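>>> Whatever this is, show me its structure:
(2 chains)
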Amino acid sequence: MWKRIPEQIRHLVVPIVALVIIYFVARHFLVPPTFGLWGHYRAASVVQNAELPLKYAGSEACADCHSEIASTKKGGYHRGVACEICHGAAYTHTQDQEKQKPQIPRTRANCLLCHEYQPSRPTGFPQVVSESHNPLKLCTACHQPHDPRPPHPPKGCDACHATIQRTIAVSRHGDLVCTTCHEVPNNHRLSPRGNMAKKPQTREACGKCHAQDASASKEIPRVDMASHGGKYLCWECHYPHMPGAR
Amino acid sequence: MKRDRPGKGLDTSRREFCKTILLGTMSLAVPGSILAATEKKGLSDWYGTKYEPAKHLYAMGIKVDRCIGCGRCVDACKKENNVPDYPFFFRTWVERYIETEDGQTIVDSPNGGKDGFKTLPSDKKVFKTFFVPKICNQCEKPPCVQVCPVGATYRTEDGVVLVDSQYCIGCRYCIQACPYGMRFIRPETKTAEKCTFCYHRIVKGLLPACVEACPTQARVFGDLKSKASPIIQFMRFNKTFVLKPGLNTEPKVYYADIDREVR
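Residues are numbered from 1 along each chain as shown, chains lettered A, B, ... in the order given. A predicted model of the protein is given here:
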């Protein structure tokens, strides 16, 4: 059969076969072995990425041994704060307790990373101005970090609602106490989120002073409650902590 | 069945013709099969068998109004992934947005937020201010993957964009292509690097280090293919947004309660 192929074709076969062999040999050396197996990349690289060493163990691993602390934390405000945030990455510690002892940070700076007053922080997040908040004491002297509670319930509303207190103090409502308008449950100071204070739910709450027939001092501005504002509550348009604001 | 044809050497029968073609193809397949045998080398026994990437699709949710700017995520990320500890290499970072009363928007991120935030950078009257954590968006259509000339960055089946640091030639195309500025060149290896959603953690069922370290649960991580996943709950109960939706990159990092100024 080979002899029956015309000579010029036979001669061409040799370089073609050589080219094919060179292609496969070159490919074998140039392209990494697992390239293209799952896509246009080295499949082995996915596994390399997936097999990198761990540093953080995860708080579930901590609770396996330190169950007592875990159950203390469960009921407190710090229940969402993972152990390794304060104590540092501890995967080595979970494998061999002798090899690594997790840190116990006792400095004020560590707590203040989260709790220093910052205007950009969301409202309601517990913050202190460290310069005026017992500057020479360690935080842990009064607060138990695994179940942080104020050592005694705050006396005034300004302990938590400082921004509002500062605003209202310079406004025309500066003389009013918070409870004039807000109904505050007894336990609000101990467990604020569970016992929320209420905003006034009726127009009459403001009408006590601002209605035409109110018995309050004559200098207080009056409105006709029937025609002014319609269906809206007063504080939906006026900001009661700064009534002069526009 | 023989047909008369012009030319002497071409009166091959159909049977012979088929035989030759078949033999020819088979001889080509031999080196191919040898290659295929070596292909499995370098792969582990658990990835793809015990852990099946096709059954997962990872995503992250970020509740902007929960972020307190403590920077624990940045710190944890740097430790977990050995990110160089200089103020310009970050796989994730926190930005502080300040909108002033005269309508300006100031954005700053001192050391990526790793050491927390100190005083406001400007004396202007603040209209509002808040923190925004940033992380690789793990796009469904990643521009960084599209431009890589050697196939050193890719999207895995479970939806994470990874870098092959052994294969990367450090050409920086991907850094130019990423509209979110998420990539950098690692100074020691001169190869591109980026957030991997802590791929080595999530395949083992752990949370990414930044999610683990967030004290206020501002970051939510989960599997979009699992109904019980926290990310599904996050998507259901929040109005979610993505960064730069007009670029059609289809990010898989979803933001809730985000301000229009955030880009």
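>>> Quick one, grab the pLDDT at residue 76.
I went with chain A, as the question did not name one. If you check residue A:76, the pLDDT there is 86.
>>> that answer is for a different chain, and I need it for chain B
pLDDT at residue B:76 comes out at 96.
>>> Could you grab the helix/strand/coil label for it?
helix (DSSP: H, G, I helix; E, B strand; the rest coil).
>>> tally of neighbours for the closest residue to it other than its chain neighbours?
Nearest residue to residue B:76, sequence neighbours excluded (C-beta to C-beta, 6 or more residues apart in numbering or on different chains): residue B:213, at 3.5 Å. In short, each C-beta sits where N, CA and C put it, glycine included. Using other C-beta atoms under 10 Å in any protein chain shown, residue B:213 has 25 neighbouring residues.
>>> wait, isn't residue B:213 in contact with residue A:85?
Yes. Residue B:213 is within contact range of residue A:85, at 5.3 Å (criterion: C-beta atoms under 8 Å).
>>> Any chance you could list residues touching both of those two?
Counting by C-beta atoms under 8 Å, 6 or more residues apart in numbering or on different chains, the residues touching both residue B:213 and residue A:85 are B:72, B:76.
>>> Ramachandran angles for the nearest residue to residue B:118 once chain neighbours are set aside?
Closest residue to residue B:118 apart from its sequence neighbours, by C-beta to C-beta, 6+ apart: residue B:110 at 7.3 Å. Note on residue B:110: its backbone torsions stand at phi -60, psi 120 [degrees, to the nearest 10].
>>> and if you look at residue B:153?
For residue B:153, the backbone dihedrals are phi -130, psi 140 (criterion: degrees, to the nearest 10).
>>> cool, residue B:249 as well?
Phi and psi for residue B:249, reported as degrees, to the nearest 10, are phi -90, psi -10.
>>> Excluding sequence neighbours, find me the nearest residue to it.
residue B:139 (4.0 Å).
>>> and that neighbour, what does it touch?
Residue B:139 neighbours (C-beta under 8 Å, 6+ apart): B:161, B:249-252.
>>> Tell me if I'm right that residue B:235 and residue B:254 touch.
Yes. Here residue B:235 reaches residue B:254: they are 6.7 Å apart, a contact under C-beta under 8 Å.
>>> Which one of the two is surrounded by more residues?
Using other C-beta under 10 Å as the criterion, residue B:235 and residue B:254 rank with residue B:254 on top: 22 against 18.
>>> Am I right that the more buried one sits in a helix?
No. With three-state DSSP as the criterion, residue B:254 is assigned strand and is not in a helix.
>>> Quick check, pLDDT for it.
pLDDT recorded at residue B:254 is 97.
>>> ok, it - contacts?
Residue B:254 sits next to B:59-62, B:231, B:234-235, B:238, B:240-242 when contact means C-beta under 8 Å, 6+ apart.
>>> Distance of it relative to residue B:60?
Going from residue B:254 to residue B:60 by C-beta to C-beta, to the nearest Å gives 7 Å.
>>> hey, what's in contact with both of those two?
Joint contacts of residue B:254 and residue B:60 (C-beta under 8 Å, 6+ apart) are residue B:231.
>>> Quick one: mean pLDDT over the helix or strand harbouring residue B:176.
According to DSSP states H and E, residue B:176 maps onto helix B:173-177. Averaged across helix B:173-177, the pLDDT comes to 96.
>>> Name the residues of it that are buried.
For helix B:173-177, a neighbour-count test (16 or more other C-beta atoms under 10 Å in any protein chain shown) marks B:173-175, B:177 as buried.
>>> Could you count how many residues lie near residue A:42?
Per other C-beta under 10 Å, the neighbour tally for residue A:42 reads 25.
>>> So in terms of bridging, what pairs with it?
Beta bridges link residue A:42 to residue A:35, judged by DSSP bridges.
>>> Now do the contacts for residue 76.
Since you didn't name a chain, this refers to chain A. When contacts are counted by C-beta under 8 Å, 6+ apart, residue A:76 touches A:146-149.
>>> think we crossed wires, I meant chain B
Residue B:76 neighbours (C-beta under 8 Å, 6+ apart): A:56, A:84-85, A:89, B:209-210, B:212-213.
>>> and if we set it to 10 Å?
Neighbour list for residue B:76: A:55-56, A:82, A:84-85, A:88-89, B:92, B:114, B:198, B:208-214 [criterion: C-beta atoms under 10 Å, 6 or more residues apart in numbering or on different chains].
>>> Could you break chain A into its assigned domains?
By the assignment in automatic domain parsing, chain A contains the domains A:2-50, A:59-151, A:176-246.
>>> Please compute how far the shortest one lies from its chain's middle.
Computed by C-alpha atoms, centre = their mean, to the nearest Å, the chain-centroid distance of domain A:2-50 equals 54 Å.
>>> do stretch A:207-223 as well
Averaging C-alpha positions (C-alpha atoms, centre = their mean) puts stretch A:207-223 44 Å from its chain's average.
>>> buried residues in that stretch?
The neighbour-count check on stretch A:207-223 (16+ other C-beta under 10 Å) flags A:207, A:209-211 as buried.
>>> other SSEs contacting the lowest-mean-pLDDT helix or strand in chain A?
The weakest-scoring helix or strand in chain A, judged by mean pLDDT, DSSP states H and E, is helix A:162-169 (a mean of 83). Using 3 or more C-beta pairs under 10 Å, 6 or more residues apart in numbering or on different chains; DSSP states H and E as the contact definition, helix A:162-169 packs against no other helix or strand.
>>> Now that helix - C-alpha only, PDB.
Extracted C-alpha coordinates of helix A:162-169, given in PDB (Å, rounded to 0.1, in the frame of the first residue of the first chain):
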ATOM      1  CA  ALA A 162     -25.000  61.800  74.300                       C
ATOM      2  CA  THR A 163     -25.500  63.200  70.800                       C
ATOM      3  CA  ILE A 164     -29.200  63.800  71.400                       C
ATOM      4  CA  GLN A 165     -28.500  65.300  74.800                       C
ATOM      5  CA  ARG A 166     -26.000  67.700  73.300                       C
ATOM      6  CA  THR A 167     -28.400  68.700  70.600                       C
ATOM      7  CA  ILE A 168     -31.400  69.300  72.800                       C
ATOM      8  CA  ALA A 169     -29.400  71.200  75.400                       C
END
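>>> okay, and for chain B, where does confidence drop off?
Where chain B drops to pLDDT under 70, the residues are B:1-11, B:26-42.
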